[in-house]
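Visitor: Fold the following, please.
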Amino acid sequence: MAASAGSAITAVKNLSFPWQTRDPFLFCVYHDDMYPPGTDNLGPDPRLLSGRNLGQDFGNPAGWSMYHGETVPGFPKHPHRGFETITVTRHGLIDHSDSLGCSGRFGFGDAQWMTAGRGISHCEMIPLLDQKNNNRLELFQIWINLPSQNKMDEPYFKMLWNEKIPKLTNVDEQGRTTTVGVVAGVVSDAQADAPPAPPPSSWASDSEHHVGVFTLRMDAGATYTLPPAAHAGINRNVYFFKGSSITVAGRTLSRHCALEVKADSPLEMVAVSDEVELLVLQGVPIGEPVVQHGPFVMNSRNEIMQAFQDYQRTQFGRWPHRDDDPVHPRERGRFAQYADGHEDLPEEVPVDFDTIASMSVKELKAFIIKKGLSHTDCVEKSELQARAREALGECAAEDG
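Guide: Numbers count the residues shown, from 1 in each chain. Sure thing, here's the model as predicted:
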């Protein structure tokens with residue numbers, strides 16, 4: 001659907017699966033699964049798998065999918081070449097393993113950036129750690145292209161911890177808040193902190209390409225103006241995916257949709273009646289031919305055929321893990337283990353009893369789960385706070 005002349009909105013499109021994007025992005029997949037309580041093997045109760053097409057279980061029957069997993073949901077070992085994935089988590093955890101020898105567990109706002117380059121095999125599994133409560137998994141996986149000169153670069157894996165991703169807060173004249181998470185790029189000149197650097201071969205590694213990945217959460221009734229990007233040659237898309245309605249550039253939208261907007265125009269948005277969430281993707285287009293076949297993205301059909309031949313011959317490196325669908329121990333926290341052996345852990349923001357008192361219900365539940373406790377029997381916020389204090393007390397005792 002085209003927009004009216006002079007509007008900052010140039011097109012409004014339905015949210016398909018996957019979400020359609022513009023160059024330099026390839027597409028965006030949005031997952032929101034409400035998994036049941038987990039078992040000792042970190043998967044759902046096997047009795048719940050009856051009737052599912054295991055290995056190809058999509059469509060969210062009963063609100064969740066096993067995808068290509070058979071015991072634990074997720075995506076066992078599979079190859080990629082010629083592009084990058086940016087996985088931005090919102091709820092739940094992902095266990096990563098790859099043919100470089102890297103592994104990790106990330107979630108609750110972390111992002112993982114992986115350059116497939118000349119070829120990598122990896123797996124992404126969804127461990128169901130909570131054995132008493134449902135396990136929600138919500139994330140975006142964004143595919144961003146590589147230019148031809150970098151498609152055969154060395155693969156690269158990088159973790160962007162939630163604690164290092166800048167969060168910008170805007171309070172409007174009515175005292176209502178919009179929070180902008182900056183996974184990549186620059187929102188405005190007022191942004192004090194830069195996000196972690198992209199991988200070296202990424203199109204996003206050159207600031208002149210103005211690649212941006214932003215998440216927005218707006219209070220009910222909040223007004224926020226997304227500043228213009230550097231110039232009109234940037235492709236900018238805005239995805240409205242949470243909330244009942246939003247007004248963008250004077251146009252009220254009551255269904256979830258993707259907006260193509262003029263990058264060099266400020267974009268005023270109003271969350272009409274309830275909390276609204278959006279994703280913004282922007283960047284200078286690469287402007288090269290795109291030929292995709294499954295997990296490979298190249299510039300020509302011959303290069304795709306070569307990718308298949310190379311994978312059949314080399315498997316893109318030795319798979320150093322015991323299984324094609326490994327998961328990490330239940331008690332393991334968030335971590336990244338790199339091919340050279342060094343380990344990267346998130347620098348978690350210190351939590352004390354005063355911090356717990358100021359946490360929202362959502363933050364309390366996430367904190368309790370991270371610390372290995374259950375909140376299933378907590379009905380009131382005060383009970384959640386008590387459980388969080390219990391978790392904090394156990395941590396303090398262990399440290400002592």
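
Visitor: Apart from its neighbours in sequence, what residue is nearest Glu268?
Guide: Spatially, and ignoring its direct neighbours in sequence, Glu268 is nearest to Thr225 (4.7 Å; CB to CB, 6 or more residues apart in numbering). No exception for glycine: its C-beta is placed from N, CA and C like everyone else's.

Visitor: Roughly how far does that neighbour sit from Thr252?
Guide: Here the distance between Thr225 and Thr252 works out to 16 Å (CB to CB, to the nearest Å).

Visitor: quick one, which of those two is more surrounded?
Guide: Thr225 (15 against 10; other CB atoms under 10 Å).

Visitor: contacting residues for the residue nearest in space to the middle of the chain?
Guide: Geometric centre of the chain, nearest residue: Val88, 1.4 Å, by CA atoms, centre = their mean. When the contact criterion is CB atoms under 8 Å, 6 or more residues apart in numbering, the partners of Val88 are Ala111, Leu139, Phe140, Gln141, Ile142, Val183, Val213, Thr215.

Visitor: what's across from it in the sheet?
Guide: Ala111, Phe140 (DSSP bridges).

Visitor: Pull up the gap between it and Phe316, please.
Guide: Distance check for Val88 against Phe316: by CB to CB, it reads 24 Å.

Visitor: Could you do Val238 as well?
Guide: For Val238, the distance to Phe316 (CB to CB) stands at 35 Å.

Visitor: How about Glu84?
Guide: Distance from Glu84 to Phe316, by CB to CB: 15 Å.

Visitor: So these two - more neighbours on which side?
Guide: Counted by other CB under 10 Å, Glu84 and Phe316 do not tie: Glu84 has more neighbours, with 28 against 23.

Visitor: For that one, which residues are in contact?
Guide: Glu84 makes contacts with Trp113, Met114, Thr115, Ala116, Trp143, Ile144, Asn145, Leu146, Pro199, Ser202, as judged by CB under 8 Å, 6+ apart.

Visitor: repeat that with 6 Å
Guide: Listed by CB atoms under 6 Å, 6 or more residues apart in numbering, the contact set of Glu84 reads Thr115, Ile144, Ser202.

Visitor: Number of residues surrounding the last one?
Guide: Burial measure for Ser202: 24 neighbouring residues, criterion other CB under 10 Å.

Visitor: contacting residues for it?
Guide: Glu84 are the contacts of Ser202 under CB under 6 Å, 6+ apart.

Visitor: Likewise for the first one?
Guide: Residues near Thr115 by CB under 6 Å, 6+ apart: Glu84, Pro155, Tyr156, Pro199, Ser201.

Visitor: Neighbour-wise, give me the winner out of those residues.
Guide: That'd be Glu84 among those, by other CB under 10 Å, with 28 neighbours.

Visitor: Just list whatever residues bridge to that one.
Guide: Residues in beta-bridge contact with Glu84 (DSSP bridges): Thr115, Ile144.

Visitor: pLDDT wise, what is it at?
Guide: Note for Glu84: predicted pLDDT of 98.

Visitor: ok, now Asn133?
Guide: pLDDT at Asn133 comes out at 87.

Visitor: what about it, distance to Gln141?
Guide: Distance, Asn133 to Gln141, using CB to CB: 25 Å.

Visitor: before we move on, what about Leu129?
Guide: Applying CB to CB, the value for Leu129 to Gln141 is 21 Å.

Visitor: again, but for Leu281
Guide: Leu281 is 12 Å from Gln141, where distance means CB to CB.

Visitor: Please apply the same query to Lys158.
Guide: 15 Å.

Visitor: and if you look at Asp323?
Guide: For Asp323, the distance to Gln141 - CB to CB - is 22 Å.

Visitor: okay, those two: which has more neighbours?
Guide: Gln141 (19 against 13).

Visitor: Isn't the more buried one up against Arg90?
Guide: No - in this structure, Gln141 is not within contact of Arg90 by CB atoms under 6 Å, at 11.7 Å.

Visitor: on that earlier part again, please tabulate the contacts of Thr115 in JSON lines and include distance to Ser245 as additional columns.
Guide: As requested, the contacts of Thr115 are exported to JSON lines (distance: CB to CB, whole Å):
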{"residue": "Glu84", "distance to Ser245": "34"}
{"residue": "Pro155", "distance to Ser245": "42"}
{"residue": "Tyr156", "distance to Ser245": "41"}
{"residue": "Pro199", "distance to Ser245": "38"}
{"residue": "Ser201", "distance to Ser245": "41"}
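
Visitor: Could I get those in TSV, plus columns for secondary structure?
Guide: Below are the contacts of Thr115 laid out as TSV (DSSP: H, G, I helix; E, B strand; the rest coil):
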residue	secondary structure
Glu84	strand
Pro155	coil
Tyr156	strand
Pro199	coil
Ser201	coil
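
Visitor: which one of those is nearest Pro76?
Guide: Pro155 (18.2 Å; CB to CB).

Visitor: Skip the chain neighbours and tell me the closest residue to that closest one.
Guide: Using CB to CB, 6+ apart, the nearest residue to Pro155 is Ile120, at 3.9 Å.

Visitor: Having no further points to raise, I will conclude here.
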